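>>> Build me a structure from this.
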Amino acid sequence: MIVSERRLLQTILNKPTAPFREHYVRAVIESTARRMDLRVRRDRFGNVYVAYRQGRARPIAFAAHMDHPGFEVIEAGKRPRALLLGGVEPGRLQGVRVRFYADSDAARRSPPSTPPPPVRGRIAALNLSTPKGARRPRVEVEVACESEVPRDAFGHFDLPGMELHGKRLHSRALDNLLSCGLILATMARLRRRRASANVLGIFTRAEEVGFVGAGGVLRSSLLSPSRPLVVLETSRAQQATPIGAGPVLRVGDRMTSFDPGMDVWLAERAAAVAERKREFKYQRALMTGGACEASLFMLHGRRVGAIATPLGNYHNMTPRGGIGAEYISSADLDHALVLLDDLSMHAPAADPVRARRRALDAIFTRLGPRLGQD
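The predicted structure is shown next:
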């Protein structure tokens, strides 16, 4: 990753975000894309679409969400009550430090370049309830703060932004701001070379509370149903998909398996990159540690695959039961950029399975007659 790409990533990772409160991250994405003279659009749900097109290349789309688990204030004061939005184990929250940011409709429409100074506090009490039909308990927290917090504020854990520690990159919200940075950095690389590619970057909202923004994408006309889609994620590292072994071609998640044709194409392109660049690493696995937006697109019949960067301290949950910054391998980030660059210029044909099927059928044509000799 070159200096300008690192600076872009740092700018994104240092912005506050939470489900339905992605406006500071969205502003960075839109302003960066416009500086690159890329087409920027929004759908009526607030999702962002950035387009790079040069030449007559086949189309491809990359998607990533702009939110991370956070808090939404529901009662103002110096000891405000806030609702947890996103999948964090409630038992970890007692005594954890958080930051709140004043917010308003005007700020969401036109966010300032610098967020207001945060009000810091510590979670003093929890209240759990289970609404009828809900998958998760409703988690409310009471926070002892250093000063008044207004009613419309939002917040996140009081953790640092982007930091480099040896060969690892740490930040409070890599899931999934890292992937937003990867998409923009890929487009910047394509633009510098004027590479022939037809790439649509999709930046979605409120993924952490049930793929809400992706549901808006499906109800918008800005992503053609025929355009192949790769969902990018930062996903919980597992024993079979360790940090440092490269980005993971994600065959599926705990909810579904993804499109077989996209899986074939991703595997073929990654193998081609590895053939050219011996230092390139990648993995391929069914990652069942969580679910991602690819499952929703799959259930709606879209051609979708996925790539995940293995993540430590998923949703800020540390192995010892506390809260800490998420982290990835810097090498995995570099390998992901190399792969996305290749995928952009070699988008899948209408039926990536056909060539593989023909190759296997040719083996049968050659060797199948032997089956009748017994």
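
>>> Go through the one helix or strand Leu337 maps to and flag the buried ones.
Using DSSP states H and E, the element containing Leu337 is helix 330-345. By neighbour count on 16 or more other Cβ atoms under 10 Å, the buried set for helix 330-345 is 330-345. All C-beta atoms are positioned from the backbone trio N, CA, C, and that covers glycine.

>>> Just the closest of those to Val50, please.
The shortest approach to Val50 among those belongs to Ser344, at 12.7 Å (Cβ to Cβ).

>>> give me the beta-bridge partners of the closest residue to that closest one other than its chain neighbours?
Spatial nearest neighbour of Ser344, chain neighbours left out: Ala197 (4.4 Å); criterion: Cβ to Cβ, 6 or more residues apart in numbering. For Ala197, the beta-bridge partners are Gln54 (DSSP bridges).

>>> Ala197: neighbouring residues, count only.
Close neighbours of Ala197, defined as other Cβ atoms under 10 Å, add up to 25.

>>> tell me the contacts of it?
When contacts are counted by Cβ atoms under 8 Å, 6 or more residues apart in numbering, Ala197 touches Tyr52, Arg53, Gln54, Gly55, Ala57, Ile60, Leu190, Ser344, Met345, Ala347.

>>> Mind doing that once more with 6 Å?
Contacts for Ala197 (Cβ atoms under 6 Å, 6 or more residues apart in numbering) come out as Ala57, Leu190, Ser344, Met345.

>>> Repeat that for Val50.
By Cβ under 6 Å, 6+ apart, the contact set of Val50 is Ala33, Leu38, Val40, Gly201.

>>> Among those, which lie within helices?
Of those, the ones assigned to helices by DSSP state H are Ala33.

>>> Give me the subset of the contacts of Val50 that lies in strands.
Of the positions in the contacts of Val50, Val40, Gly201 sit in strands, assigned by DSSP state E.

>>> As CSV, the contacts of Val50 with neighbour count, pLDDT and distance to Pro260 would be great.
What follows is the contacts of Val50, written out as CSV (neighbours: other Cβ atoms under 10 Å; pLDDT from 0 to 100; distance: Cβ to Cβ, whole Å):
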residue, neighbour count, pLDDT, distance to Pro260
Ala33, 23, 97, 32
Leu38, 20, 97, 32
Val40, 16, 98, 33
Gly201, 24, 98, 25
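
>>> For the contacts of Val50, work out which two are farthest apart.
The most widely separated members of the contacts of Val50, counting by Cβ to Cβ, are Val40 and Gly201 (9.6 Å).

>>> List the neighbours of stretch 149-162 that are in contact with it.
Residues outside stretch 149-162 that contact it (Cβ under 6 Å, 6+ apart): 10, 13-14, 16, 18, 21, 70-73, 76, 80, 97-104, 119-120, 171-172, 316, 323, 325.

>>> Restricting to C-alpha, output that stretch in CSV.
Presented in CSV, the C-alpha positions along stretch 149-162 are these (Å, rounded to 0.1, in the frame of the first residue of the first chain):
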residue,chain,number,x,y,z
VAL,A,149,-24.9,14.2,26.1
PRO,A,150,-27.8,15.4,23.8
ARG,A,151,-30.7,13.2,22.8
ASP,A,152,-29.7,12.7,19.2
ALA,A,153,-26.1,11.7,19.8
PHE,A,154,-24.4,8.4,18.8
GLY,A,155,-21.3,6.7,19.9
HIS,A,156,-18.8,3.9,19.9
PHE,A,157,-16.2,2.3,22.1
ASP,A,158,-13.4,4.6,23.2
LEU,A,159,-10.7,3.0,21.2
PRO,A,160,-8.0,4.5,18.9
GLY,A,161,-8.2,5.0,15.2
MET,A,162,-5.7,3.5,12.7
